[in-house]
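**Student:** This is a predicted model, with the sequence first.
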Amino acid sequence: MHSDLSKEIGKLSIPERILLVEDIWDSIARESGGFDLSLAQKNELEKRSLSYDQNPQQIRSWEDIKSEYIGKKQSK
């Protein structure tokens, strides 16, 4: 079964595979009832939330960050 499934997945485009992974991840999260965060993760989320509250204008979109990264890769 594993090799058949791998073959079928391989037929999908990259965007389709990404959507499949997201769907699988969402189903795992639903069935597990969520995930417990470590104290370090909770602290980091609190730090980031406070940073956003204090400086919302400093937030950059994923598209901006991705474009900047791709631009740097292409200029090498």
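**Tutor:** Structure received. Numbering: from 1, shown residues only.

**Student:** distance between the longest helix seen in the chain and the chain's centre?
**Tutor:** If you go by DSSP state H, the chain has its longest helix at helix 14-32. Mean-position distance between helix 14-32 and its chain equals 11 Å (Cα atoms, centre = their mean, to the nearest Å).

**Student:** just stretch 54-66 next, same as before
**Tutor:** Taking mean C-alpha positions (Cα atoms, centre = their mean), stretch 54-66 and its chain are 16 Å apart.

**Student:** For the most centrally placed residue in the chain, give its distance to Q74.
**Tutor:** Compute the mean C-alpha point of the chain, and by Cα atoms, centre = their mean the closest residue is E22, 8.8 Å away. Computed as Cβ to Cβ, to the nearest Å, the E22 to Q74 distance reads 27 Å. No exception for glycine: its C-beta is placed from N, CA and C like everyone else's.

**Student:** Ok, K7 next?
**Tutor:** From K7 to Q74 the distance is 33 Å (Cβ to Cβ).

**Student:** ok, now I28?
**Tutor:** 35 Å.

**Student:** for S6, same thing?
**Tutor:** According to Cβ to Cβ, S6 and Q74 sit 32 Å apart.

**Student:** what do you get for N43?
**Tutor:** Distance from N43 to Q74, by Cβ to Cβ: 37 Å.

**Student:** cool, and R48?
**Tutor:** R48 is 30 Å from Q74, by Cβ to Cβ.

**Student:** quick one: which of these two has more around it?
**Tutor:** The neighbour count for R48 versus Q74, taken as other Cβ atoms under 10 Å, is higher for R48 (10 against 7).

**Student:** Torsion angles phi and psi at the more buried one?
**Tutor:** phi -70, psi -40 (degrees, to the nearest 10).

**Student:** what separates it from S13, distance-wise?
**Tutor:** For R48, the distance to S13 - Cβ to Cβ - is 33 Å.

**Student:** Show me the shaky parts of the chain.
**Tutor:** With pLDDT under 70 as the threshold, the chain has low-confidence stretches at 1, 34, 76.
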